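1. Sequence first, then the predicted structure, then my questions.
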Amino acid sequence: LYVNLGDSIAAGYGVSRSYADLLYTNQDSTYPAYKGKDLSKRFTNLSYHDGAISGSTSAQMVQQLSKVPQNASGHTLVTISAGGNDLLFNYTVIFDPAKVKNYAAQVTANLKKAVDHFADKQRYPGGATVVFFNLYNPTDGVGTIPASVPVVSQCGQFKQALELLRPLLLSQLALYNSELAKWASATPGIYLADIHNAFLGHGYHYADSGSPFYNAADPTLWFSYDCIHPNQAGHL
């Protein structure tokens, strides 16, 4: 069983195929390099449950667990994108390191509920692997958004905030991700997918050869222009 839970990133907001959809069944005609490598090709009799809902917080991700089917035989893989909306709905936490730690504790407490749910041997006797994402940085770690980038929606406000609070925002994001990493390393049955580092070089400075994370082998943008969601390349 493959289970996908979480927020609009997990739900594939703004794209035709989310990372979970592509992981389950690759679009071979569009992405031939991944032909035969998706889960449905590699594992026979695999079921797929996509419970992700745009706008969900980590607490609402926990509510998604009630609709996940049991898996009487075989292993269960779970991917979770959650925590970003917790911050968006209470962004003042970024001004206080203590509040950032409390925010991280709130998210990890909810993630632990997911871990405990899938650790139930009556519902999932074959065991489960739970993978969750940290938060990425559309500025490529620079802390600025180039003037030429056509940002939309709240990304314009974020761009202005960066001009005033850049060091604080960068340090608080690093603190949050470090808290999640420490928790993941100490929690059996859960793994951290470090999309923060994976996306560096593919944010809004992707075309800037002077950027510290410029990726000469693949100078492509993986974000939409709202500062929140990956584009189709990011999901791939």
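-> Nice, I can see it.
2. use CA for all of it now, contacts and neighbours both
-> Will do.
3. tell me which element the closest residue to Phe199 other than its chain neighbours falls in.
-> Excluding its sequence neighbours, the residue lying closest to Phe199 (Cα to Cα, 6 or more residues apart in numbering) is Tyr136, at 6.7 Å. Secondary structure assignment for Tyr136, by DSSP states H and E: no helix or strand.
4. Next one: Tyr136 from His75, what distance?
-> 29 Å (Cα to Cα, to the nearest Å).
5. quick one: which of these two has more around it?
-> Tyr136 (24 against 15; other Cα atoms under 10 Å).
6. how about the more buried one, what does it touch?
-> Counting by Cα atoms under 8 Å, 6 or more residues apart in numbering, Tyr136 makes contact with Ile195, His196, Asn197, Phe199, Leu200.
7. Averaged pLDDT, stretch 25-34. What do you get?
-> Across stretch 25-34, the average pLDDT comes to 93.
8. Give the buried residues for that stretch.
-> Thr25, Asn26, Tyr34 (16 or more other Cα atoms under 10 Å).
9. Closest one of those to Phe132?
-> Each of the buried residues of stretch 25-34 was checked against Phe132 using Cα to Cα; the closest is Thr25, at 20.0 Å.
10. Would you map the strands across the chain?
-> Ranges of strands within the chain are 2-6, 48-50, 76-81, 128-133, 190-193, based on DSSP state E.
11. Mind listing residues that contact the third one?
-> The one in question is strand 76-81. By Cα under 8 Å, 6+ apart, the surrounding residues in contact with strand 76-81 are 1-7, 9-10, 20, 124, 126-134.
12. Apply 7 Å and report the result again.
-> Residues outside strand 76-81 that contact it (Cα atoms under 7 Å, 6 or more residues apart in numbering) are 1-7, 9-10, 127-133.
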